[in-house]
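I'll drop the sequence and a predicted model, then ask my questions.
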Amino acid sequence: MTCREFVEFLEAYLSRDLGPAEQAEFERHLAACEACRRYLESYRKAVELGKRAFEPSAEPVPPQVPESLVRAILKAKREQKS
Amino acid sequence: MPHELETLASEEQALLARLRAGDDDAFEELVRSYGGRMLATARRFFTNEADAADAVQDAFLSVHRYLESFSGDSKLSTWLHRIVVNACLMKLRARRARPESSIEELLPRFVGDGHHAAEPADWRPADESELERAESRALVRDAIGQLPEIHRSVLLLRDIEGLSTAETAALLGTSESATKVRLHRARQALRTLLDPHFRSIAAPDAQVTP
Ligand SMILES: [Zn+2]
């Protein structure tokens, strides 16, 4: 398995989609290749950072709805009615 | 506090009753109290403010149309969140024909024999305080905003909204295998964008023996 193939199968590996033979080959490469180990670690961390970036406590306090948008919505609703 | 929950629920109930009775003031109240949070959600999908505002408007029109079918089993805010996410996806699907920026340049590169073209760097250890830092989170949100729309949508639905591959594929009108490929590319691109900010200072090359 090359590094290119390793990276290609990374998502399948993490979501446990690989068959037993592929999984074994993947782990063999992982044990031997420091570059791919670093890649895997940074990939995992990027996913983790992504998951936490929008936690309710993390996002900026909800902005006020701009007045122009409120008016546009109310207008659209009136037009929908008629 | 159960008492507090009951109060909230009864406030929601009262607002709903007025909405269903066709009270225009109640509708405006709904827009003002929940619109901000919904706009924040729409901004995850669209970097263009006008698109985000459009999606919120579409969402409120759906709310108005489907008010009768809101069962009250979930919280009103949960229902509104689902509606605005759906409005964003409808809008994205409608304009799928538009040319999209390419994700290729954000994917890792390899040389002819399949080795990494650039040695991946060690990232600083993920300690809690860093993940909690507001600047880190703003940086990550900004990076997600730089992904091409379709890849960003898959990442938002799978990793942020927590939907399954099947649910995401159905919402985007694509196959599960395409969804998996896009999620992987989106995550790789996110990693590339975050790399300069999270790699440790020590050059990884120092560790490579000639
Ligand atoms: Zn490797």
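Structure received.

Show me what secondary structure element comes after the helix or strand of chain B with the lowest mean pLDDT.
Counting by mean pLDDT, DSSP states H and E, chain B has its least confident helix or strand at helix B:128-132, which shows a mean of 65. Reading on from helix B:128-132 to the C-terminus, the next helix or strand found by DSSP states H and E is helix B:134-145.

For the residue of chain A found nearest chain B, which non-adjacent residue is spatially closest?
Residue of chain A nearest chain B, by C-beta to the nearest C-beta: A:Thr2 (2.7 Å). (C-beta placed from N, C-alpha, C; glycine too.) Among residues not flanking A:Thr2 along the chain, B:Gly114 sits closest, at 2.7 Å (C-beta to C-beta, 6 or more residues apart in numbering or on different chains).

Skipping adjacent residues, who's closest to B:Asp52 in space?
Just so we're on the same page, residue B:52 is Ala rather than Asp. With C-beta to C-beta, 6+ apart, the residue lying closest to B:Ala52 is B:Ala42, at 4.0 Å.

May I have the helix or strand that contains that neighbour as PDB, with CA atoms only?
Assessed by DSSP H and E, B:Ala42 sits inside helix B:24-45. The C-alpha trace of helix B:24-45 is given here as PDB (Å, rounded to 0.1, in the frame of the first residue of the first chain):
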ATOM      1  CA  ASP B  24     -49.700  38.800  12.200                       C
ATOM      2  CA  ASP B  25     -48.000  40.300  15.300                       C
ATOM      3  CA  ALA B  26     -47.200  36.800  16.500                       C
ATOM      4  CA  PHE B  27     -45.500  36.000  13.200                       C
ATOM      5  CA  GLU B  28     -43.400  39.100  13.500                       C
ATOM      6  CA  GLU B  29     -42.500  38.100  17.100                       C
ATOM      7  CA  LEU B  30     -41.500  34.700  15.800                       C
ATOM      8  CA  VAL B  31     -39.200  36.200  13.100                       C
ATOM      9  CA  ARG B  32     -37.600  38.600  15.700                       C
ATOM     10  CA  SER B  33     -37.000  36.000  18.400                       C
ATOM     11  CA  TYR B  34     -35.800  33.000  16.300                       C
ATOM     12  CA  GLY B  35     -34.500  34.700  13.100                       C
ATOM     13  CA  GLY B  36     -31.100  35.600  14.500                       C
ATOM     14  CA  ARG B  37     -30.300  32.000  15.400                       C
ATOM     15  CA  MET B  38     -31.600  30.800  12.000                       C
ATOM     16  CA  LEU B  39     -29.500  33.400  10.100                       C
ATOM     17  CA  ALA B  40     -26.400  32.100  12.000                       C
ATOM     18  CA  THR B  41     -27.300  28.600  10.800                       C
ATOM     19  CA  ALA B  42     -27.800  29.800   7.200                       C
ATOM     20  CA  ARG B  43     -24.400  31.600   7.200                       C
ATOM     21  CA  ARG B  44     -22.700  28.200   7.700                       C
ATOM     22  CA  PHE B  45     -24.000  27.100   4.300                       C
END
